[in-house]
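Novice: Below: sequence and its predicted model.
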Amino acid sequence: MKVLVVGAGGREHAIVRALNRSPQAPEVLCAPGNPGIAQDARCLDVPADDVDGLVKAALAETVDLVVVGPEAPLVLGLVDALRLHGLAAFGPRLNVAQLEGSKAFAKAVMEEAGVPTAAHRVVHSVADGLDAIGGRYPTVVKFDGLAAGKGVVVAPDEATATQALREMLEDRAFGDGDVLVEEFLDGEELSLFALCDGERAVPLVPAQDYKRIGDGDTGPNTGGMGAYAPVPGAPDPHALCEQVHQPVVDALKRRGTPFHGVLYAGLMLTADGVQVLEFNVRFGDPETQAVLPLLRSDLLDLLLRATRTGGLQGAQVDVAPGSAVTLVLASAGYPQSSSKGDVIDGLDAVGEGVEVTHAGTAERDGAIVTNGGRVLNVTAIGEDPLHAREAAYAAADRITFEGRQLRRDIALRAVERTST
Ligand code: AMP
Ligand code: GLY
C-alpha cells in the first residue's frame, strides 16, 4: 500500500504520522513536505498547487491513495484530475469544494439542507448594508472570497460596520466578490470534522481552535495558534453530525454532486443551540494535530473507505481516552510579517510522548531553521486537559528560536471546565 499526502504543513505532518501508525504499514510519500515530514515520509519535490505535476507523480509512483491536505489544490481541481486518471483521492471534487470557497454557495446548501446558520443578506451598497443591519449591533460583515483571513469584521457599532462595508464594497479592498451582512452569534466555537463517503458523515473528535495571535483572544486573526481535543462539555459529536454534516451530505447527493472527503464545520454553540459559522472541505490546522493522535482506528482504512460511495457504512471511529493539546510556535512578526532563517534549538529535547510536527521549517547547512509563519506544533496527550497542557508547555518551552511566539492560554478553558 502506497499513499501520497499533498501539502507541507503541520496538518500534513500529523496526517503522515497517523498513516504511519496504520497496521497496513503503508509506504507514505509527501509532496512537497518539509524537513520534519521528511523524517517520516519520502518527500517528492512537487508543489502542492501543481496539479499536473502531482498527477504525474502519483501515476509514476503507482500510489493507491492520494490524501489532499490544503484547500488550494482542491479548488484547482486536483481530485477531479486524479480521478480522471483512475486514482483514488481523498478530498472533494471542485464542484463541492466551493462549500469552503464561496460563503453564498455554503449558505444556499445549508438553507436547502435545513442546517442552522446565522441569518444573512447579500448587500450591494453601504446603504443596502446598513438597511440589512437595521440598527442591530454587534453585527458581522463578511467578504465572500479570499481575503487572507481579513474578510470577516465583527462590528460593535454603526461606524465600524460602515467602514467595513465601504472597504469591501466601495474601495474593493479584497477585489470583486459579494458582501454579506450576517447576524452576530454569541457563544463558544467548536471545530467538528466528519469523514464523508458521498452518502454518510462520520464524526471525529470535537476540537477547539485559538484563532487570535494574543493571549485572551486579542490581536489579529491567524491560521490558528493552538487547539485541544476533545472539548469538555460539548454536545455529543454524533448528534452534532446528524444535525449539521449529514443533512449537507444528503443535500449534495440529491444535487448529484456527492461529497467525499472531510467536511469541517466551524460551529457556534449558542444558548439557542448549534449554528454553523462556516464549512471547510479539508482538515483544520492546527486542530488535526490534536485530533489525529487521539484516533485509535486505522486512518488509512477510513480515508480509503471515504473515497468509495457508501464505503464508510458501519465504520467505527475508535478514540483513545484522555486529552490532546497542541501549541503552535510561530515566527517573529506573524501574522503581519514573517521572519525566516532563525536557527531552532531544542528539537531533540522534548522528551517521550510528545509529538512535534513541522509547519514552516527549512533545512540550512544541516540545521533546522524557521521558514516563516507558523513554524512548529507541539502536541502532548494526557489523562486530562491539565496533564496534556502541562506536558505540551514543558516540551514547547525547550524549543527556542529568535522571536518565537507562543500563546500561554491554550486549553486553559478546558482545564478550568474539568477542574471545577
Ligand atoms: P468565518 O471565516 O466565517 O469562520 O469567520 C471567522 C471568525 O469570525 C469566526 O471564527 C468567528 O470567530 C467570527 N464570526 C464569523 N461569523 C460570525 C457570526 N455570525 N457571529 C459571531 N462571530 C462570527
Ligand atoms: N484552524 C482553522 C482552519 O484550519 O481553517
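Specialist: On my side now, so go ahead. Ligands and ions are numbered 1, 2, ... in the order given.
Novice: In terms of helices and strands, where is the nearest residue to A391 once chain neighbours are set aside?
Specialist: The shortest distance from A391 to any non-neighbouring residue, by CB to CB, 6 or more residues apart in numbering, is to A380 (3.6 Å). For glycine as for every other residue, the C-beta is placed from the backbone atoms N, C-alpha and C. Secondary structure assignment for A380, by DSSP states H and E: strand 374-382.
Novice: Same question for D52.
Specialist: helix 51-60.
Novice: That helix packs against which elements?
Specialist: If you count contacts as 3 or more CB pairs under 8 Å, 6 or more residues apart in numbering; DSSP states H and E, helix 51-60 packs onto strand 2-7, helix 78-84.
Novice: quick one: buried residues of it?
Specialist: 51, 53-55, 57-58 (16 or more other CB atoms under 10 Å).
Novice: just stretch 36-50 next, same as before
Specialist: 36-38, 40-41, 43-44, 46, 48, 50.
Novice: Tell me the residues on the stretch 101-250 of the chain that lie near ligand 1, please.
Specialist: By CB under 6 Å from any ligand atom, the residues of the stretch 101-250 of the chain that approach ligand 1 are 118, 140, 152, 154, 182-185, 189, 211.
Novice: Pull out the buried residues from those.
Specialist: Here the buried ones among those, as counted with 16+ other CB under 10 Å, turn out to be 118, 140, 152, 154, 182-183, 185.
Novice: what two of the residues you listed are the furthest from one another?
Specialist: Based on CB to CB, the longest span within those runs between V152 and E183 and measures 13.3 Å.
Novice: Need the overlap of contacts for the two.
Specialist: Contact criterion CB atoms under 8 Å, 6 or more residues apart in numbering; residues shared by V152 and E183: V140.
Novice: What is the least confident helix or strand in this structure?
Specialist: Least confident helix or strand, the chain: strand 218-221 with a mean of 90, by mean pLDDT, DSSP states H and E.
Novice: Within its sheet, name the partner strands of it and how each one runs.
Specialist: Its sheet considered, strand 218-221 pairs with strand 212-214 (antiparallel) by DSSP bridges.
Novice: does ligand 2 sit close to the strand it pairs with?
Specialist: No: judged by CB under 6 Å from any ligand atom, strand 212-214 stays clear of ligand 2, getting no closer than 11.8 Å.
Novice: What strand or helix carries the residue of the stretch 51-200 of the chain found nearest ligand 2?
Specialist: As assessed by CB to the nearest ligand atom, ligand 2 sits closest to S191 within the stretch 51-200 of the chain, at 6.7 Å. For S191, the host element (DSSP H and E) is strand 188-197.
Novice: by contact count, what packs against that strand?
Specialist: Using 3+ CB pairs under 8 Å, 6+ apart, strand 188-197 is in contact with strand 201-203, strand 208-209, helix 237-243, helix 245-254, strand 260-270, helix 287-291, helix 299-307.
Novice: Nearest to R408, out of those?
Specialist: Nearest of the helices and strands packed on strand 188-197 (CB to CB): strand 208-209, 16.1 Å.
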